[in-house]
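Chemist: Return a 3D structure for these sequence lines:
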Amino acid sequence: MLVTGFPADAFGTNCYVVATAPGEQCLVVDPGIGVLDRLDEVLAEHRLHPAAVLLTHGHLDHTFSVAPVCGARGITAYVHPGDREMLADPAIGLSAEMRQLFGGRLPYTEPEDVAELTDGATLALAGLEITVDHAPGHTGGSVLFRMPGAGSPWEADQLCLSGDVLFAGSIGRTDLPGGSLPAMMTSLRDKILPLADDTVVLPGHGPRTTIGRERATNPYLREVADHGGAHPAPARGL
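Modeler: Next up, the predicted model:
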């Protein structure tokens, strides 16, 4: 199994490439701002052929390059319907300050072929089986992508691409349009905490971690596990 990733030029958003092996079809997860050249290098290095793009949520720092990645190869972008409208108008998910920052300076195009994700669905793509968990809170359509991790660089039973739901030591912010702190805490309780401790987490920003490490050290998970309560959400993600 081949799993690699690199940070985008803006916001340090992690773009991941997942395949069963070099020379095979692959999945591209969260192609953000300024990733095209580096993505092409990764694909050429491992002789990979993208079969689909998976989006953990609709924020611009995770979706900016989805149209050129999909359009150049005639492939589908997958997103939860809760964030579908952000693929047409990314400003919907931005704060007033971020809308002012971006203004009209970043050209954006909606991908032509979009498929919607459903909670609990299993996708069979590029020889992989990916389970979709709807985990709202950061956005209304945030999802986790889980897949078997045997043969991965970490030889884990399971990998979880967590987007901006869970980071090493933190969680995604909930103060942007469509965000909800109560929904985030419910997602942490119902979608994150039940995962096995050895699950390797590949987050939307920052370094990889494990569920066991986060269960023991992440203050937000500890609060939910102990009391079902919530701290104010930190400002992570776009």
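
Chemist: any idea how far Tyr220 is from the residue lying farthest from the centre of the chain?
Modeler: What lies farthest from the middle of the chain is His227; by Cα atoms, centre = their mean that is 27.3 Å. Here His227 is placed at a distance of 12 Å from Tyr220 (Cβ to Cβ, to the nearest Å). Using the backbone N, CA and C atoms, a C-beta is placed for each residue, glycine as well.

Chemist: again, but for Gly127
Modeler: From Gly127 across to Tyr220, the span is 35 Å (Cβ to Cβ).

Chemist: These two: which has the busier surroundings?
Modeler: Tyr220 (24 against 14; other Cβ atoms under 10 Å).

Chemist: you'd agree the more buried one is up against Gly172?
Modeler: No. Checked against Cβ atoms under 8 Å, the pair Tyr220 and Gly172 is beyond contact range at 10.0 Å.

Chemist: what pairs with Leu202 across the strands?
Modeler: Residues in a beta bridge with Leu202, per DSSP bridges, are Leu161.

Chemist: if I read this right, it contacts Cys160, doesn't it?
Modeler: Yes. The pair Leu202 and Cys160 passes the contact test of Cβ under 8 Å, sitting 7.0 Å apart.

Chemist: Which of the two has more residues huddled nearby?
Modeler: Between Leu202 and Cys160, Cys160 has the larger neighbour count (other Cβ under 10 Å), namely 28 against 21.

Chemist: which residues sit in contact with that one?
Modeler: 144-146, 195, 199-202, 211 (Cβ atoms under 8 Å, 6 or more residues apart in numbering).

Chemist: Go through those residues and say which is closest to Tyr78.
Modeler: Of all these, Tyr78 sits closest to Phe145, with 9.2 Å by Cβ to Cβ.

Chemist: Beta-bridge partners for the closest one, please?
Modeler: If you apply DSSP bridges, the partners that Phe145 bridges to are Val132, Leu161.

Chemist: coming back round to it: which one among the contacts of Cys160 gets closest to Val132?
Modeler: Closest approach between the contacts of Cys160 and Val132, by Cβ to Cβ: Phe145, at 6.5 Å.
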